[in-house]
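Colleague: Give me a 3D structure for the following:
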Amino acid sequence: MRTVILGVDGLTFRILHPLIERGDLPNFKKVSQEGCEAILESKYPPLTPPAWVSLSTGLKPARHGVYDFWTYEEQGLPGAERIPRAQTKRKGGKAIWNILSEYGKQVLVINVPVTYPPEPVNGIMVSGYMTPSSNLDFTYPARFKEELYRVVPDYEIDLDLHSFWRKADAMQLLIDATLRMTERRIKLTMHLLKEKPWDFCYVAFVGPDRLQHSLWEEIRSLDTRATEYFRLLDQGLGLILEQLGPDDTLFIVSDHGFQGVTHVFNINEYLYSQGLLTPSSPEHIGRAHRAADVKQVVRKLGLLPMARKLKRSLKHKGALKVPSRSAWTLAARYSGMRQVKYVGHTIKMVYSTHTEGESNAALRLHMQKSMILYQLFCTVWACPRLTLSMADYWMRSLCPAASLDRQQVK
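Modeller: Here you go, the predicted model:
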């Protein structure tokens, strides 16, 4: 008996079911009718890296050590900048391919996120999303990279979004690039399934996530062009099904679901409305405005990626010192500031030791409220299983002005 896990980043029944009913996805329909389906809860935080690693290991983020797209160096002095580094591999626990390899099973691991550098396995591993570059050794064994490019000369690990972003026809270019990347992934997968011995195959596709972030409304309305990717994915599923026998098993899984959102919760705006943030000096505000204007011009010229790369290089070499100042300051006095990574965004958490007990407690309470509101917003956006009534209840109890409008969440 052999097993295939087909992972699809951001796959959701909100899109699958209507496309199946329209007759666009015959192979997904076959799997749905002959097998079973269910909505699974993603891990918290419901982000790509921790969710895929939890799916691969059966462990919570606290056990495998992956919480985000980034990991941070330990902070030295209070207020000091913590250098972020891309999270390319889990920090603990064994993945299913490790366990199967130990039992002598032959495995194929293809494009699973957060698997760089590739691990020694009893079989073949091709690292996936979060791999820094295809110029590195992203396969195990390393010599398989040569065979990979011989079979699929233009193989891509992920899309280079900056190559066409902000162009007039960016959306069409995005669809075309996603289709090409997926066709090559299917070609590699079929080569491995047909030419290599295997007991277990785990392959991941990231196309839905790449498209739905930018084209959610078009995909939700089942636009023919926007949903072309799903028909290609269905064809790939059909090819995989052809390789399976009656005793083999297929799992189709995703790291998280997907849905639209029209509101953004801005922590600074909330704190300002509560009188806890005040505009800083005119000098700082003017500097912030000038920096924003320059950034906008550089972006329009298409030079923003190059400028960011140059800035990182200069900072790394110590040739550029960037003061960490904000156009906002706390209305209350504070003793220090530390940065934490929370639900995919860096948030400055303020702690006070010089204010009176009552105002200090009020400050902590408002900060706690803002963090909880932000957490709830992100959870409703990424975890559709959280009912709106629950989110609305907590928002109303914490901040009536920030209550969730049910009509705005699709």
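
Colleague: Tell me the spacing between the residue nearest the centre of the chain and Met130.
Modeller: Nearest to the mean C-alpha position of the chain, by C-alpha atoms, centre = their mean, lies Thr48 at 3.9 Å. Applying C-beta to C-beta, to the nearest Å, the value for Thr48 to Met130 is 8 Å. C-beta: built from backbone N, CA, C; applies to glycine.

Colleague: Can you check which residues contact both of these two?
Modeller: Counting by C-beta atoms under 8 Å, 6 or more residues apart in numbering, the shared contacts of Thr48 and Met130 are Phe69, Pro113.

Colleague: low-scoring pLDDT stretches of this protein, where are they?
Modeller: 75-76, 79, 279-281, 285, 315-410 (pLDDT under 70).

Colleague: where do the helices sit along it?
Modeller: Listed in chain order, the helices of the chain (DSSP state H) span 13-21, 26-34, 48-57, 61-64, 96-102, 144-151, 170-195, 207-220, 228-242, 267-273, 282-300, 304-316, 357-382, 388-398.

Colleague: what sits against the residue nearest to the centre of the chain?
Modeller: When contacts are counted by C-beta under 8 Å, 6+ apart, Thr48 touches Asp9, Phe69, Pro113, Tyr129, Asp209, Asp255, His256.

Colleague: As TSV, the residues you listed with distance to Asp169 would be great.
Modeller: Formatted as TSV, these follow (distance: C-beta to C-beta, whole Å):
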residue	distance to Asp169
Asp9	24
Phe69	28
Pro113	28
Tyr129	25
Asp209	21
Asp255	30
His256	29
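
Colleague: Of those, which is the nearest to Lys60?
Modeller: Each of these was scored against Lys60 by C-beta to C-beta, and Asp255 proved nearest at 14.4 Å.

Colleague: what about the closest residue in space to Gly10 that isn't next to it in sequence, neighbour count?
Modeller: Residue nearest to Gly10 in three dimensions, not counting chain neighbours: Asp209, with 3.5 Å by C-beta to C-beta, 6 or more residues apart in numbering. By other C-beta atoms under 10 Å, the residues close to Asp209 number 19.

Colleague: I'd like the distance between Asp209 and Ile124.
Modeller: In terms of C-beta to C-beta, Asp209 sits 24 Å off from Ile124.

Colleague: Repeat that for Pro45.
Modeller: The gap separating Pro45 from Ile124 is 31 Å, by C-beta to C-beta.

Colleague: Pro305 now?
Modeller: 33 Å.

Colleague: what do you get for Val112?
Modeller: Taking C-beta to C-beta as the measure, Val112 falls 12 Å from Ile124.

Colleague: what do you get for Val294?
Modeller: Taking C-beta to C-beta, one finds Val294 at 47 Å from Ile124.

Colleague: what about those two, which has more around it?
Modeller: Taking neighbours as other C-beta under 10 Å, Val294 and Ile124 compare with Ile124 leading, 21 against 11.

Colleague: which residues does that one contact?
Modeller: The contact partners of Ile124, taken as C-beta under 8 Å, 6+ apart, are Val107, Leu108, Val109, Thr139, Tyr140, Pro141, Phe144, Leu192, Lys196.

Colleague: Contact partners for the third one?
Modeller: Contacts for Val109 (C-beta under 8 Å, 6+ apart) come out as Trp97, Thr115, Val121, Gly123, Ile124, Met125, Val126, Tyr202.

Colleague: For it, which non-adjacent residue is spatially closest?
Modeller: Met125 (4.2 Å).

Colleague: Any idea how many residues pack against the one you found?
Modeller: Quick note: Met125 (other C-beta under 10 Å) scores 27 neighbours.

Colleague: so what's it up against?
Modeller: Trp97, Val107, Val109, Ile110, Thr115, Pro118, Glu119, Thr139, Tyr140.

Colleague: just those residues now: which is nearest Ser221?
Modeller: Ile110 (31.9 Å).

Colleague: So the closest one is in contact with Phe205, correct?
Modeller: No: applying C-beta atoms under 8 Å, one finds Ile110 not in contact with Phe205, separated by 9.5 Å.

Colleague: who touches both of the two?
Modeller: Joint contacts of Ile110 and Phe205 (C-beta under 8 Å, 6+ apart) are Arg185.

Colleague: ok, those two, which is more surrounded?
Modeller: With neighbours defined as other C-beta under 10 Å, Ile110 and Phe205 compare such that Phe205 has more, 28 against 22.

Colleague: what sits opposite that one in the beta ladder?
Modeller: Counting by DSSP bridges, Phe205 is bridged to Val8.

Colleague: residue contacts, it?
Modeller: Leu6, Gly7, Val8, Asp9, Asn111, Thr182, Arg185, Leu233, Gly236.

Colleague: got a winner among those for most neighbours?
Modeller: Neighbour count (other C-beta under 10 Å) singles out Asn111 as the most crowded of the contacts of Phe205, with 27 neighbours.
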